[in-house]
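Novice: Turn this into a structure:
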Amino acid sequence: MNEPILGDKTEFPPDEVIYSHIGKSRAQWISLFEYIHTNHPDFAEEWRYYNDGKSWLLKVTRKTKTVFWLSVLEGSFRTTFYFTDRAEEAIIRSTLSDELKTQFKEGKHFGKIWGITVTFNRKRDVADAKVLIALKLSVK
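Specialist: Below you'll find the predicted structure:
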């Protein structure tokens, strides 16, 4: 359930294909994207096939800043937000779940970059994604 899908390089992932894979997480998908389209109309969404992961990923940006990456899973989907160490205090003070705060503090580092990944299975996950979007936009 945690491996990305959409591995056919020749098939751009339309909504019907995405919905067929994410199943019950469709409600969270719709809620997340309604929020983005309503509150952040300046965000751009770009699907691209990446050979290294052999999968399609969605990159969501504001101007030149990547806000998050999204991958589709069987039965769900996940977003990953990357932050520098400058975001630590804001993340710790935020309303994020303790699980995500721990993921940031103890998770894998990529140089000076830390990732926070939300796998969408509960309503709370959309709320956490909204907080992460706000953090991403507020931290320089």
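
Novice: Identify each buried residue in the longest helix belonging to the chain, please.
Specialist: For the chain, the helix that runs over the most residues, judged by DSSP state H, is helix 123-138. Within helix 123-138, the residues that qualify as buried are 125, 126, 127, 128, 129, 130, 131, 132, 133, 135, 136, counting by 16 or more other Cβ atoms under 10 Å. For the C-beta atoms, the positions are set from N, CA and C on the backbone; glycine is no exception.

Novice: Please name the residues that touch the first one.
Specialist: Neighbour list for residue 125: 28, 118, 119 [criterion: Cβ atoms under 8 Å, 6 or more residues apart in numbering].

Novice: wait, the second one sits on residue 130?
Specialist: Looking back up the chat, that one is residue 118. No: no contact is recorded between residue 118 and residue 130 when judged using Cβ atoms under 8 Å, the distance being 10.3 Å.

Novice: measure the residue nearest the centre of the chain to residue 9 for me?
Specialist: For the chain, the residue sitting closest to the mean C-alpha position, by Cα atoms, centre = their mean, is residue 79 at 1.7 Å. Computed as Cβ to Cβ, to the nearest Å, the residue 79 to residue 9 distance reads 22 Å.

Novice: likewise residue 55?
Specialist: If you go by Cβ to Cβ, the gap between residue 55 and residue 9 works out to 9 Å.

Novice: and those two? which has more neighbours close in?
Specialist: Neighbour totals were compared for residue 55 and residue 9, and residue 55 leads with 18 against 12 (other Cβ atoms under 10 Å).
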